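1. Requesting a structural model of the entry that follows:
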Amino acid sequence: MKKRRLDIEDRIIIQACLHNKNNITEIAKRIDVNKSTISREIKKFSYKTLGTKYPCSKPCFICNACVQKGFCNKSKTYYNYKLADQKSSNLRSKSRSTPKISIEKIKFVDELVSAGVKNGQSLHHIFVSSPELAKICTERTIRRLCYRGNLSVKPHELRRYVVYKHDYKDDKDKINLKDIRVLIGRSYKDYVFKISQNKSMNIVQYDSVIGKTKDKKAILTIAFPKYNFQFGILIQKDSPYCVLSSIRKIFKLIGIETVKKIFPINLADNGIEFSFFSQIEFTDDGEKICSSYFTNPYRATDKASCERNHELIRYFLPKGESLDFLTQEKVDEMFSNIDSYVRKSKNDATPYDLIKRKFGIDFLNKINIKRIPNKKVKLNQI
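-> Residues are numbered from 1 along each chain as shown. Here you go, the predicted structure:
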């Protein structure tokens, strides 16, 4: 068991386990940390809502999974992964934001830097030209002092300010899954561990392509990263029921044994349309046929290959244009052209040919993907 700092994915699993009524020992085992780490995390970063002064008689330390919380008037304690991660980040940044240099030295640095900047000099030029600055701090520290507002010089006044990387605050939305408990055993870390133990298994990545915000239709994309192969299904936008039924329809069409071979490991994001994604693991009889996992929140790079293939889709369907005119036949034709497009990274082979060689032409026929002759491939707007 290694000492490490909890990240946002760990905190999501903690909240999911609390909703699942797991105790601290079970949560610590799931995340692979010490029990005291979980106890401190919940105690330090949970929040309370005011109520009556009488304490709750139930022996629970957190109210996330309490069935009576909706009509209980006592003070309640909740754990929220987003608030906990923000509090943790603020504590770390606060401890590093206080300069370790004395006020007198900062004033001296400010005088030299301000004089140089007024003459149009770069920060590096000022640092090299004033040897006394090197005795106080480094050039990077001076730049940091400027960015944090400890100097009278404004960051944008520095030469080549736009060249350097800057951190911008972004408002991250909450996870869209209706039931956060589905992430238990299906997080991105679980996915990475699964593929490390099963390197020969095929990986399938899922995403959706949308047009205008008012559209009623969207495209569910199903990608095979190893082969750059991708096909799509026309679905109702933001409909988890439609996504689940569409995937199950494909599984039923190709057969259970074929599903176990072609779809053993499945990865999707946390969008609302994948709220029921974990249910693809089982048949109506309760037999497990595959595994499903979810990417980290706010991180499209977890399924970069799927996102990369979307660039080819935008050749046909530019961003901002409506998709309501589409039919499944047009979607199949679009992906047939995409999968017949020669890929330099695959030794000038096409994704269609690679899949045909690996899984057979019967699978391609069932998902309505055809081989387009090389000279007739079209990647134009529909």
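2. Work out the gap between stretch 322-333 and the centre of the chain.
-> Relative to its chain's centre, stretch 322-333 lies at 28 Å (Cα atoms, centre = their mean, to the nearest Å).
3. CA atoms of that stretch as CSV?
-> C-alpha atoms of stretch 322-333 as CSV (Å, rounded to 0.1, in the frame of the first residue of the first chain):
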residue,chain,number,x,y,z
SER,A,322,-28.4,19.8,-37.5
LEU,A,323,-28.4,16.0,-37.5
ASP,A,324,-32.2,15.6,-37.6
PHE,A,325,-32.1,15.0,-41.4
LEU,A,326,-30.1,11.8,-41.0
THR,A,327,-31.3,8.2,-41.5
GLN,A,328,-29.6,5.0,-40.4
GLU,A,329,-28.8,4.3,-44.1
LYS,A,330,-26.9,7.6,-44.4
VAL,A,331,-25.0,6.9,-41.2
ASP,A,332,-24.0,3.4,-42.5
GLU,A,333,-22.9,4.9,-45.8
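4. Tell me the buried residues in that stretch?
-> For stretch 322-333, a neighbour-count test (16 or more other Cβ atoms under 10 Å) marks 323, 326, 331, 332, 333 as buried. The C-beta positions use only the backbone N, C-alpha and C, and glycine is treated the same way.
5. For it, give the mean pLDDT please.
-> Stretch 322-333 shows a mean pLDDT of 94.
6. In CSV, list the C-alpha atoms belonging to the helix or strand bottoming out on mean pLDDT in the chain.
-> The least trusted helix or strand in the chain, going by mean pLDDT, DSSP states H and E, turns out to be helix 81-97, with a mean of 81. Output in CSV follows, covering the C-alpha atoms of helix 81-97 (Å, rounded to 0.1, in the frame of the first residue of the first chain):
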residue,chain,number,x,y,z
TYR,A,81,-16.7,14.6,-4.2
LYS,A,82,-16.7,17.9,-6.0
LEU,A,83,-16.7,20.1,-2.9
ALA,A,84,-14.1,17.8,-1.2
ASP,A,85,-11.8,18.1,-4.2
GLN,A,86,-12.2,21.9,-4.3
LYS,A,87,-11.5,22.2,-0.6
SER,A,88,-8.4,20.0,-0.9
SER,A,89,-7.1,22.0,-3.9
ASN,A,90,-7.7,25.3,-2.0
LEU,A,91,-5.7,24.1,1.0
ARG,A,92,-2.8,23.0,-1.1
SER,A,93,-2.7,26.3,-3.1
LYS,A,94,-3.1,28.4,0.0
SER,A,95,-0.1,26.8,1.6
ARG,A,96,2.0,27.5,-1.5
SER,A,97,0.7,31.0,-2.2
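7. And it, what's buried?
-> Result for helix 81-97 [16+ other Cβ under 10 Å]: buried residues 81, 82, 84, 85, 88.
8. three-state assignment of residue 149?
-> coil (DSSP: H, G, I helix; E, B strand; the rest coil).
9. any idea of the pLDDT on it?
-> 84.
10. count of residues packed around it?
-> Residue 149 has 10 neighbouring residues, counting by other Cβ atoms under 10 Å.
11. any idea how far it is from residue 106?
-> Going from residue 149 to residue 106 by Cβ to Cβ, to the nearest Å gives 11 Å.
12. Kindly reformat the buried residues of stretch 322-333 as JSON lines containing secondary structure and distance to residue 293.
-> As requested, the buried residues of stretch 322-333 are exported to JSON lines (DSSP: H, G, I helix; E, B strand; the rest coil; distance: Cβ to Cβ, whole Å):
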{"residue": "323", "secondary structure": "coil", "distance to residue 293": "27"}
{"residue": "326", "secondary structure": "coil", "distance to residue 293": "29"}
{"residue": "331", "secondary structure": "helix", "distance to residue 293": "25"}
{"residue": "332", "secondary structure": "helix", "distance to residue 293": "27"}
{"residue": "333", "secondary structure": "helix", "distance to residue 293": "31"}
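13. From those, pick the one nearest residue 262.
-> The nearest member of the buried residues of stretch 322-333 to residue 262, counting by Cβ to Cβ, is residue 332 at 18.1 Å.
14. Can you tell me the SS state at the closest residue to that closest one other than its chain neighbours?
-> Excluding the flanking residues, the one nearest residue 332 by Cβ to Cβ, 6 or more residues apart in numbering is residue 368, at 4.3 Å. Here residue 368 is recorded as coil under three-state DSSP.
15. Show the contacting residues for residue 368.
-> Counting by Cβ atoms under 8 Å, 6 or more residues apart in numbering, residue 368 touches 328, 332, 336.
16. I figured the first one hits residue 234, correct?
-> In this case it means residue 328. Yes - with contacts counted by Cβ atoms under 8 Å, residue 328 reaches residue 234, the gap being 4.9 Å.
17. neighbouring contacts of the least confident helix or strand of the chain?
-> Helix 81-97 is contacted from outside by 6-8, 11-12, 14-15, 41, 44-47, 148, 172, 174, using Cβ under 8 Å, 6+ apart.
18. try it again with 6 Å
-> If you take Cβ atoms under 6 Å, 6 or more residues apart in numbering as the criterion, helix 81-97 is touched by 8, 11, 12, 15, 45.
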